[in-house]
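Student: build me a structure from this.
(one chain, ligands or ions: 1)
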Amino acid sequence: MDATTGTTSVPEVNAGQAAAWNGHEGTHWADHHRRYEAVNEGFDEPLLDAAAVVAGDRVLDVGCGTGQTTRAAARRASPGHVVGIDLSAPMLDRAGRIAVTEGVANVSFVRGDAQVHPLPAASFDVALSRFGVMFFDDLVAAFSNIGAAVRPGGRLAFVSMRPLADHDLGRVLAALAAHLPGPDQDDAADATDAADGGPFSLSDPAVVRGVLTTAGFTEITVTPVDASQVWGRDAADATEFLAGWGPIRHALDGLDAAIVTRALDAMRDELRRFEESGAVRMRGAGLLVTATRG
Ligand SMILES: C[S@@+](CC[C@H](N)C(=O)[O-])C[C@H]1O[C@@H](n2cnc3c(N)ncnc32)[C@H](O)[C@@H]1O
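Tutor: Here you go, the predicted structure:
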């Protein structure tokens, strides 16, 4: 397997996602990886426990991004090995550097589209993902491809997003969107609620079960999991960070400066409600999914 970053052996089918994650979205994640880690790391323990990674395991981290879960899995799997696969060159570049800095040697990173990338057959004991499996334009094809890389009887575990209304962030985005003109409000909703290949494509347990069953998985469990997410030191800091996050940046792009100011002020006011002990803490809502490769 190609253990370098920056190469891909097949055309990516999810072209829009590839453009986003190799453009502003991916660069923002790479440049602010510690902030995104503080947002999402509360899901790691439930995820890794559900994945039941043990010493010697061969693990695939799908949509690994800057590799926080890849490294965490590698520490549990040692002397086993973890491969992180992702579309995003800037995020994988960061993942490779952090692994070196942290002395995590039993990882490698592959740039490719997990929906179609020719992964070696039946070569992993576990496939896992933290919010990296919701963006496929063909979920069944993607999980079939991932499943083929897992040995029969091997495990799948991932965390996907529950509907936005279940997240505290939903209130914050609603406060922002209330100040946007009609079409931009719709854009903001689309950016955060994309049904096809978007972050909420696996928010319905029935859809999750249907996709995984069709893709050949058995013993499927779907359990709600919440985590405390740190979005910044205070409301002003969190607002600055969120204003650069892809969906919000997209919704504000090209708008009159006065509208942008009003929208960000409203978002900052809402974020103040979540300030506590030197941090903005909000509840994030995931679905923890496990399955066995049939
Ligand atoms: C929300 S981020 C999560 C990143 C990382 N798992 C984390 O928790 O920090 C989604 C990740 O999925 C990746 N991704 C999206 N579509 C993909 C695909 N078809 N194949 C591989 N990676 C993909 C993105 O590049 C991005 O790194």
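Student: what distance do you get for residue 46 to the ligand?
Tutor: Relative to the ligand, residue 46 is positioned 13 Å away (Cβ to the nearest ligand atom, to the nearest Å). In short, each C-beta sits where N, CA and C put it, glycine included.
Student: chain center to stretch 25-36, what's the gap?
Tutor: Computed by Cα atoms, centre = their mean, to the nearest Å, the chain-centroid distance of stretch 25-36 equals 12 Å.
Student: ok, residues contacting it?
Tutor: 20-21, 65-66, 68, 88-91, 93-94, 98, 231-232, 241, 244-246, 249 (Cβ atoms under 8 Å, 6 or more residues apart in numbering).
Student: stretch 241-252: end-to-end distance?
Tutor: 14 Å (Cα to Cα, to the nearest Å).
Student: now it: average pLDDT?
Tutor: Stretch 241-252 carries an average pLDDT of 93.
Student: and it with the ligand, contact?
Tutor: No. Stretch 241-252 stays clear of the ligand (Cβ under 6 Å from any ligand atom), getting no nearer than 9.8 Å.
Student: what comes up buried for stretch 249-256?
Tutor: Neighbour counts over stretch 249-256 (16 or more other Cβ atoms under 10 Å) mark 250-252, 255 as buried.
Student: over to stretch 235-254?
Tutor: For stretch 235-254, by 16+ other Cβ under 10 Å, it's 235, 237-239, 241-243, 245-248, 250-252.
Student: chain center to that stretch: distance?
Tutor: Distance, centroid of stretch 235-254 to centroid of chain: 18 Å (Cα atoms, centre = their mean).
Student: what's next to stretch 139-158, contact-wise?
Tutor: Taking Cβ under 8 Å, 6+ apart as the rule, stretch 139-158 contacts 47, 50-52, 60, 62, 114-117, 119-130, 132-133, 136, 201-202, 211-212, 214-217, 288-294.
Student: mind doing that once more with 7 Å?
Tutor: 47, 50-52, 60, 62, 114-116, 119-129, 133, 136, 201, 211-212, 214-217, 289-293 (Cβ atoms under 7 Å, 6 or more residues apart in numbering).
Student: now intersect those residues with the helices, please.
Tutor: 47, 50-51, 211-212, 214 (DSSP state H).
Student: could you find the closest non-adjacent residue to residue 66?
Tutor: Closest residue in space to residue 66, ignoring its immediate chain neighbours: residue 33 at 4.1 Å, by Cβ to Cβ, 6 or more residues apart in numbering.
Student: relative to residue 135, how far out is that neighbour?
Tutor: Counting by Cβ to Cβ, to the nearest Å, the gap from residue 33 to residue 135 is 18 Å.
Student: wait, a helix at residue 73?
Tutor: Yes. Counting by DSSP: H, G, I helix; E, B strand; the rest coil, residue 73 is found in a helix.
Student: re earlier: more neighbours, residue 33 and residue 135?
Tutor: residue 135 (26 against 18; other Cβ atoms under 10 Å).
Student: ok, now how distant is the more buried one from residue 266?
Tutor: Distance, residue 135 to residue 266, by Cβ to Cβ: 29 Å.
Student: would you mind checking the contacts of stretch 25-36 for buried ones?
Tutor: 20-21, 65-66, 68, 88-91, 93-94, 98, 231-232, 241, 245-246.
Student: SS state for residue 37?
Tutor: helix.
Student: and the pLDDT for the closest residue to it other than its chain neighbours?
Tutor: The spatial neighbour of residue 37 that comes closest, neighbours along the chain excluded (Cβ to Cβ, 6+ apart), is residue 68 at 5.0 Å. pLDDT, residue 68: 98.
Student: give me the pLDDT for the residue of the stretch 151-294 of the chain at minimum distance from the ligand.
Tutor: Residue of the stretch 151-294 of the chain nearest the ligand, by Cβ to the nearest ligand atom: residue 199 (6.9 Å). On the pLDDT scale, residue 199 is placed at 94.
Student: good, wrapping up.
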